[in-house]
Every structure is written in C-alpha cells, then in structure tokens.
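Q: next comes the sequence, and after it the predicted model I'd like to discuss.
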Amino acid sequence: MSDEMVLGSSDEWTEIVGEQLRGGSTVAGDHAAEILGELVKRSPAFAAYASKRLAASRPMLAKTPLNKARDWQIDFGPVYGAAGTSTTITQNPQVLFRGEKVMATDSGNNAGTAGLAGTGTRIQAIFVGQKSQRPANAGSTLTSFFANNALGNGIKWDTCEKALSISITVQFVNTCTFDMTVFGKAVL
C-alpha cells in the first residue's frame, strides 16, 4: 500500500460485503427460541437450516482499511469583494481530503494593476481545521502566484478530517471577484 494513496489515520471503516444474522451467527439464540420454540432446541439440523435462511436477509460487515483514494476538488468562490475588505471562505469536504494543488484568480473591471488577473486579491490565511497551512507571520500572497499556468504551485496540506473545515481568508486590494479551486486526494 502506497503512502500516496492512504489519507488520515490507520483506523478502519466498515463496508457491507454480504449477509449475516444480526446479533450472532446462529439461530439457536434466545430470539429463535421465542419464535420457533422447541423445534430449534431439539433439532440441530433445523437450527442450521434456519440460520442459512435468516442470513440471506441480514447485512454482513467487514473491516476494510482506508486505501482507496481518488482525485477530488473543492471550490472556494466565486466571491465578490470591495477594495480594502477581507473575507473568509469556508468549505466542509465531508470526506478525508488532502489538498495538493491550488489554482486561483480574480476578475472584474478593477481586477488588478493594468487589468492583470490575480493582482486584485491576496491570500492571507489558509486553515485546515485549526492548523495553519502557511508560515506564521508570513503576510499575504498575491493570488497570481496560484495561477493555472504558474510553475511549482503544488502544495501538501494537512489532511482535513470529515468533521473539520478548510477556510481561506482573502484580502481584496481592488474591487473584484475571487475564485479558487483546490485539487487533491480524498477517501470517500
């Protein structure tokens, strides 16, 4: 199993793989005695037959390790903002997710210096849950550094657990619309 294909902890998750009895593997338990009475108690052959018949209508579960990652994307925006304002965009992936590449831009009449996309907004903070994905006191980064044709804008964020969120804080240098997509791996 490759490290690249496994996200999160090594805990296992349950998958339905077949059928079995609820609460046990035989029919000769307390509930069976209530239903079938003395017949189950006196005949092991009938108990085996009834177990097979009941097993066909109950789910069977198996523990399966988290090893099936797939490509996934999360979109942040579009978000419109006036010059001099900041906003925080939050997404809840609902799956184990690790961001590996960011593509972002801004657009509008006042998108930036000489109308260049990506110069009208700055990315101030990125959090996965409570963990910052940027160095402390790093300032902010022009959105154009995460353009779709930028070289070396790959990232390796912390894994976002199912109950956590990813939040991006954006500062608007000019009045424009910010849009960002994070590509990565997810375990469903």
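A: Sure thing, it's come through. Owing to the predicted nature of the structure, the values given are computational and were not obtained by experimental measurement.
Q: in this protein, which spans are strands?
A: Counting by DSSP state E, the chain has strands at residues 12-19, 59-65, 69-81, 86-91, 96-107, 121-128, 131-132, 141-142, 166-172, 176-187.
Q: of these, which is nearest Ala45?
A: Closest approach to Ala45 among the strands of the chain (Cβ to Cβ): strand 12-19, 21.0 Å. For the C-beta atoms, the positions are set from N, CA and C on the backbone; glycine is no exception.
Q: picking that back up, redo the strands of the chain as CSV? Include mean neighbour count, distance to Asn148 and mean pLDDT.
A: Converted to CSV, those look like this (neighbours: other Cβ atoms under 10 Å; distance: least, Cβ to Cβ, whole Å; pLDDT from 0 to 100):
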stretch, mean neighbour count, distance to Asn148, mean pLDDT
strand 12-19, 11, 34, 46
strand 59-65, 11, 35, 60
strand 69-81, 16, 13, 92
strand 86-91, 14, 19, 96
strand 96-107, 22, 5, 92
strand 121-128, 21, 15, 94
strand 131-132, 12, 25, 92
strand 141-142, 16, 15, 88
strand 166-172, 20, 17, 95
strand 176-187, 21, 9, 92
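Q: domain-wise, how is this protein divided?
A: Domain assignment for the chain by automatic domain parsing gives 12-65, 69-187.
Q: can you give me the end-to-end span of the longest one?
A: Taking Cα to Cα, to the nearest Å, the first and last residues of domain 69-187 lie 5 Å apart.
Q: from now on call the first residue 45
A: All set: I'll call the first residue 45, so the last point we hit is now domain 113-231.
Q: residues contacting the closest residue in space to Leu160 that isn't next to it in sequence?
A: Leaving aside its sequence neighbours, Leu160 sits nearest to Ser188 (Cβ to Cβ, 6 or more residues apart in numbering; 7.0 Å). Contact analysis of Ser188 by Cβ atoms under 8 Å, 6 or more residues apart in numbering lists Thr149, Gly156, Leu160, Ala161, Gly162, Thr163, Ala194.
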